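Asks: how does the following fold in three dimensions:
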Amino acid sequence: MDIPTASAIQGWALAHTYQELPEEFYAAAAPTPVKAPQLELLNPALAQALGLDVAGPEAGLSELFAGNALPEGSLPIAMAYAGHQFGHFTMLGDGRAILLGEQQAPDGKSYDIQLKGAGITPFSRRGDGRATYAAMLREYLISEAMHHLGIPTSRSLAVARTGEQVYRDPIQDGAVLTRVSSSHLRVGTFEYARRFLPADAQKALLAYAIKRHYPELLGTSQPALDLLKAVMARQAKLIAQWMGVGFIHGVMNTDNIGIAAETFDYGPCAFMNAYYPGTVFSSIDTTGRYAYGNQPQMGHWGLAVFASALLPLIHEDQDEAVKLAQATVNQFPELYEAQWKQAMASKLGLDEAGAEEEALIKDLLRWMQQNEADYTNTFRYLTDGSGPGAARCEQDAFREWESRWKSHIEQQAGGMAQARETMARNNPAYIPRNHLVEDALKEAAAGDKSRFEALLSVLSDPYTLQPGQESYQLPPDGGDFGFKTYCGT
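Replies: Numbers count the residues shown, from 1 in each chain. Predicted coordinates for the structure are as follows:
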């Protein structure tokens, strides 16, 4: 079916560099038109950053963001990739996502524009290619919250209802999310190339990834090994940032580990309230593989898979390639540890991240776990004395630790004043607390987006205390026991 071109938005400058790769990396896939498109959410600030004028008629915007019309210059495709899902290799591909092209933005960068939930593609397998309204609202909310927390992430440009139902348990309203990302290249893309494609295709993918995301590596003598090192460094920092705000991705399969090291795929993700490294909310993670405290190890595992996929490109001699790759991957724990220590030191206003500072960090975390203290509120209490964490911090054990911490801070050049400036930039007052998110989604699905929009507004400025918004700092009564998140497929 031919999809008409939309004129509701001006400023499209779509390129299609991914389609310069061998055709095995993608398949043509137009969106499937829907019954009654209705625009529900639009991100004007992101649109402006992309160079788009979204002042067109609402009907035209609804048609565009639901997939009933296409942007000028689009060449829609579904991307081919594989991945290890919970440790098991699987052939995948975009089963419900369609890439429209790469928007050339005013900042000089290119961004993938992708419709999620836009219908069946050649990679849908037995899926319906659709997404639920609640799940797409959730991705919009969490991805925007992550952006405002300062963590690299895909973003959300719009959500449009389809006027059709999606057959899940229970049956729900359908929707399409417009996702924006630096790219959707992933470890699984390289796994696919290594497993199924010839050497020339693998080399083309390597060259493309470097040109698009790591141009500083162009012309190096060991491009594959250098790419592995660069991706490792970015992933180490990204995971440390997740840990710093208590974020649990929930499904760190290798098809969700991006080469650009942005957070994406916000299915069974959640934020931790009470500090406990074993926290896991995903309904499909029955063994705790991707629990909060396991994320660094799972990142390491995923990067080892990446290294394996790169072996033929690292060195023509298999044994030498393995030797070089193993030596590189073995550096990840040290890379991550340095990033984590620095992130946690900043949360406590510490100038250094040496042995003494590490002891302060780990002693605080130990106290938090023993006392089921709220992760976000404890750090915010230390920052400015605010929030609902104060009562628990009256304990003698905490006061003893706090005295040690203050003595250490007073020995720093800037003292407590400078330390708290650093802490205020690194300790959010507000996170997307699970109960608040679920309540907002339920009401939005029932037709009232007011709670959703209020939560989105608070999360757009998470590091600033907002008068009258104290309820957004409260953990749920009785904790998160029994709370589950779902992948949405």
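
Asks: got the phi/psi numbers for V322?
Replies: Its backbone dihedrals place V322 at phi -60, psi -40, with angles given as degrees, to the nearest 10.

Asks: quick check: closest non-adjacent residue to it.
Replies: Excluding its sequence neighbours, the residue lying closest to V322 (CB to CB, 6 or more residues apart in numbering) is L311, at 6.6 Å. Where C-beta positions appear, they are placed from N, C-alpha and C, glycine not excepted.

Asks: can you tell me the SS state at the one you found?
Replies: Taken by DSSP: H, G, I helix; E, B strand; the rest coil, the conformation at L311 corresponds to helix.

Asks: what about it, distance to K229?
Replies: 15 Å (CB to CB, to the nearest Å).

Asks: test my guess that the residue nearest to V322 contacts L324.
Replies: No - the pair L311 and L324 does not pass the contact test of CB atoms under 8 Å, sitting 9.1 Å apart.

Asks: show me what the strand or helix carrying A343 is packed up against.
Replies: Secondary-structure assignment from DSSP states H and E places A343 in helix 332-347. Counting by 3 or more CB pairs under 8 Å, 6 or more residues apart in numbering; DSSP states H and E, the packing neighbours recorded for helix 332-347 are helix 223-245, helix 295-314, helix 355-370, helix 415-426.

Asks: nearest to H147, out of those?
Replies: Evaluated with CB to CB, the helices and strands packed on helix 332-347 place helix 223-245 nearest to H147, the distance being 12.1 Å.

Asks: which elements pack onto the next helix or strand after that closest one?
Replies: Where DSSP H and E defines the elements, the next helix or strand beyond helix 223-245 is strand 247-248. Using 3+ CB pairs under 8 Å, 6+ apart, the elements in contact with strand 247-248 are strand 270-271.

Asks: and the strand it packs on, which strands flank it?
Replies: Strand 270-271 has its sheet partners listed here by DSSP bridges as strand 247-248 (antiparallel).

Asks: report the mean per-residue pLDDT for the strand it pairs with.
Replies: Taken as a whole, strand 247-248 has a mean pLDDT of 98.

Asks: where does the residue with the largest distance to the centre of the chain land on pLDDT?
Replies: Here the centre of the chain is the reference, and by CA atoms, centre = their mean the most remote residue is D396, at 38.3 Å. According to the prediction, D396 has pLDDT 93.

Asks: roughly how far apart are it and S403?
Replies: Shown here: D396 relative to S403, a distance of 11 Å by CB to CB.

Asks: same thing with A29?
Replies: Here the distance between A29 and S403 works out to 61 Å (CB to CB).

Asks: tell me which of those two has more neighbours.
Replies: When neighbours are counted by other CB atoms under 10 Å, A29 comes out ahead of the other of A29 and S403, with 23 against 10.

Asks: would you check that that one makes contact with L100?
Replies: No - with the criterion set as CB under 8 Å, A29 and L100 do not qualify as a contacting pair; they are 10.5 Å apart.

Asks: name the residues contacting each of these two.
Replies: Common contacts of A29 and L100, defined by CB atoms under 8 Å, 6 or more residues apart in numbering, comprise P76.

Asks: next up, the contacts around L436.
Replies: By CB under 8 Å, 6+ apart, the contact list for L436 reads L455, Y472.

Asks: which parts of the one helix or strand it maps to are buried?
Replies: Using DSSP H and E, L436 sits in helix 434-445. Within helix 434-445, the residues that qualify as buried by neighbour count (16 or more other CB atoms under 10 Å) are N434, H435, L436, V437, E438, A440, L441, A444, A445.

Asks: let me know the closest of these to G387.
Replies: L436 (15.1 Å).

Asks: let me see the domain layout of this structure.
Replies: As given by automatic domain parsing, the domain ranges for the chain are 14-181, 187-339.

Asks: D351 contacts E410, correct?
Replies: No - under the contact definition of CB under 8 Å, D351 does not touch E410, with a separation of 12.0 Å.

Asks: of those two, which one has the most company?
Replies: Set side by side, D351 and E410 give different neighbour counts by other CB under 10 Å, the larger being at D351 (17 against 10).

Asks: so the more buried one: helix, strand or coil?
Replies: Assigned by three-state DSSP, the conformation of D351 is coil.

Asks: what residues are up against it?
Replies: The contact partners of D351, taken as CB under 8 Å, 6+ apart, are A345, Q412, A413, G414.

Asks: burial measure for the second one, as a count.
Replies: I take that to be Q412. Q412 is surrounded by 14 other residues when neighbours are defined as other CB under 10 Å.

Asks: on that earlier part again, a markdown table for the helices and strands packed on helix 332-347, including mean neighbour count and distance to Y276?
Replies: Listed next are the helices and strands packed on helix 332-347 as a markdown table, based on neighbours: other CB atoms under 10 Å; distance: least, CB to CB, whole Å:
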| stretch | mean neighbour count | distance to Y276 |
| --- | --- | --- |
| helix 223-245 | 22 | 13 |
| helix 295-314 | 21 | 14 |
| helix 355-370 | 15 | 6 |
| helix 415-426 | 16 | 21 |
